[in-house]
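Novice: Fold the following and give me the result.
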Amino acid sequence: MLAQILMVYRRVPVVVAAFPMVMLLPILGEGVQHIVEVYLGMFTPGDGLDAGRETTIRLSFGGLKALSVFVSIILTAWFLDRSLEGNTRTLRSWISAMNHYDLTGVVLLTVAIAVPLAAHYGLNNFAVGKPPIMMAAILVADSLVVGTLAVSLGSVAFTLAERVQQRKGS
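Specialist: All right, here's what the predicted structure looks like:
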């Protein structure tokens, strides 16, 4: 299990170096959402939108960010499938494989995303009330974390599908 978790993270720089768009998409999605949140006053205590309070505009840009993360996950898994395995699985076969993961796979997914997800929420909370330059730096770092999270999730998706394939083959 630990070897698979480490493999998930070792694949991230390989994927990003060969196919940078997979990380750039969620970075841009998160960055645009941060711009909207700063405009709405979410990071200024007492002057604007309270942290966690939703507005239609914030949710719209959050949906755009979620779409960029989803596309990044799919593209990462697709890239790994073709570059590491030389496979040409269809999206349907990927969905089928993802519906057959086991308890170990759930643990793998949870552990693999725990660190970047905690960093994402921690950075957002830390940015509240900071001077503009420091807040911008924190939010840029957070956008990079979200990009890493998306590529990590794509690597997890690939690993889970790979496990299903190995179980079916044995």
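
Novice: for this protein, which spans come out with low pLDDT?
Specialist: Applying pLDDT under 70 to the chain flags the ranges 46-54, 85-103, 165-170.

Novice: longest helix of it?
Specialist: Counting residues, the longest helix found in the chain (DSSP state H) is helix 132-169.

Novice: Need the three-state assignment for residue 129.
Specialist: Secondary structure, DSSP: H, G, I helix; E, B strand; the rest coil: residue 129 is coil.

Novice: Skipping adjacent residues, who's closest to it in space?
Specialist: Spatial nearest neighbour of residue 129, chain neighbours left out: residue 45 (4.9 Å); criterion: CB to CB, 6 or more residues apart in numbering. C-beta here means a position set from N, CA and C on the backbone, and glycine is covered the same way.

Novice: Is the one you found in a helix, a strand, or coil?
Specialist: Taking three-state DSSP, the label given to residue 45 is coil.

Novice: That one and residue 128 touch, don't they?
Specialist: Yes - between residue 45 and residue 128 there is a contact at 6.1 Å, judged by CB atoms under 8 Å.

Novice: Between those two, tell me which one has more neighbours.
Specialist: Neighbour totals were compared for residue 45 and residue 128, and residue 128 leads with 14 against 11 (other CB atoms under 10 Å).

Novice: And that one, its phi and psi?
Specialist: The phi and psi torsions at residue 128 (degrees, to the nearest 10) take the values phi -60, psi 130.

Novice: Once you drop chain neighbours, what's closest to it?
Specialist: residue 43 (5.1 Å).

Novice: Residue 125 is in contact with that neighbour, correct?
Specialist: No - assessed by CB under 8 Å, residue 43 is found out of contact with residue 125, at 9.8 Å.

Novice: Compare neighbour counts for these two and give me the winner.
Specialist: Just comparing residue 43 and residue 125: by other CB under 10 Å the higher neighbour count belongs to residue 43, 23 against 12.

Novice: and that one, what does it touch?
Specialist: 37, 51, 127, 128, 129, 130, 135, 139 (CB atoms under 8 Å, 6 or more residues apart in numbering).

Novice: which SSE is the first one in?
Specialist: Yep, that's residue 37 we're talking about. helix 21-40 (DSSP states H and E).
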